[in-house]
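Colleague: sequence first, predicted coordinates after that:
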Amino acid sequence: MTGSRKECKDVDTNAKKLGIIDSTMTSFADRLWESIGDESVLSFAKRSGVSEGVVRKYVKGETEPTVGRLVAMARAAGVSINWLATGEDSESKDDLTGIVKKTDTPIDIESLRRSIELLDEALIATGRIMDSSKKAELISAIYELEVNNQKDKRRDVILKLFKSIG
C-alpha cells in the first residue's frame, strides 16, 4: 500500500516557504497522519469529502490542501484548523464558540470584520461564489487565525491560499 507514514516527507516545503511552519515543527503530512490515527485513509477521505488519492498525496507530503479541503479534513478529524495547518496551538477542535471559551473574551468584532472582509476580497479576486454554510466555515477558520498572533503575516498567507484555489 502506498502512503505509509515512512513515505511522508519530513518537511512541508510549501508551508515552510509561506512562513506557516519552521523546520523544528512537524510537517502537515505528519499532523494529518496523527489526525487520521488508526482509521484507514479511504475511510477518512470519505468522511472528509476529499478524494482518497488527494488525501494520500497530502500524507506523503507531495502537495498542500486548499483552504476548503483543510477545513473539511480538520472538521472530520475533530482537530483545530490552525493546528492542522500550522502545528501551532492546541490540537483540539476549536469552532468559533471554542475560541471564545478558550480565550475567555468576547468575540473581537474588529477581527471578525477583518475575517469577513478577507473572505470577500478572496472571493472577488478568484471570481468564486460560495454558499453561506461554506462561507461560515471559512470565516470561522480565518477568525481563528486572525485572533492568534501574527495577524498581518497570516493575512498574506490566507490571501495566497485563497488565490490558489481560484
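Modeller: Perfect, thanks for sending it.

Colleague: and after the lowest-mean-pLDDT helix or strand in the chain, which helix or strand comes next?
Modeller: For the chain, counting by mean pLDDT, DSSP states H and E, helix 96-103 ranks last in confidence among helices and strands (a mean of 44). Moving toward the C-terminus from helix 96-103, the next helix or strand (DSSP states H and E) is helix 109-126.

Colleague: what helices or strands is the helix or strand encompassing residue 58 leaning on?
Modeller: Assigning secondary structure by DSSP H and E places residue 58 in helix 52-60. Counting contacts by 3 or more C-beta pairs under 8 Å, 6 or more residues apart in numbering; DSSP states H and E, helix 52-60 packs against helix 28-36, helix 41-48, helix 67-77. From N, CA and C alone the C-beta is placed, and that goes for glycine too.

Colleague: show me the one of these that comes nearest residue 59.
Modeller: Closest approach to residue 59 among the helices and strands packed on helix 52-60 (C-beta to C-beta): helix 28-36, 5.3 Å.

Colleague: restricting to C-alpha, output that closest one in CSV.
Modeller: Output of helix 28-36 as CSV, limited to C-alpha atoms (Å, rounded to 0.1, in the frame of the first residue of the first chain):
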residue,chain,number,x,y,z
PHE,A,28,1.5,18.9,7.6
ALA,A,29,1.7,15.3,6.5
ASP,A,30,2.7,14.2,10.0
ARG,A,31,-0.1,16.1,11.6
LEU,A,32,-2.6,14.7,9.1
TRP,A,33,-1.4,11.2,9.8
GLU,A,34,-1.8,11.9,13.5
SER,A,35,-5.3,13.2,12.9
ILE,A,36,-6.3,10.1,10.9
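
Colleague: what residues sit buried inside that helix?
Modeller: Within helix 28-36, the residues that qualify as buried are 28-33, 35-36, counting by 16 or more other C-beta atoms under 10 Å.
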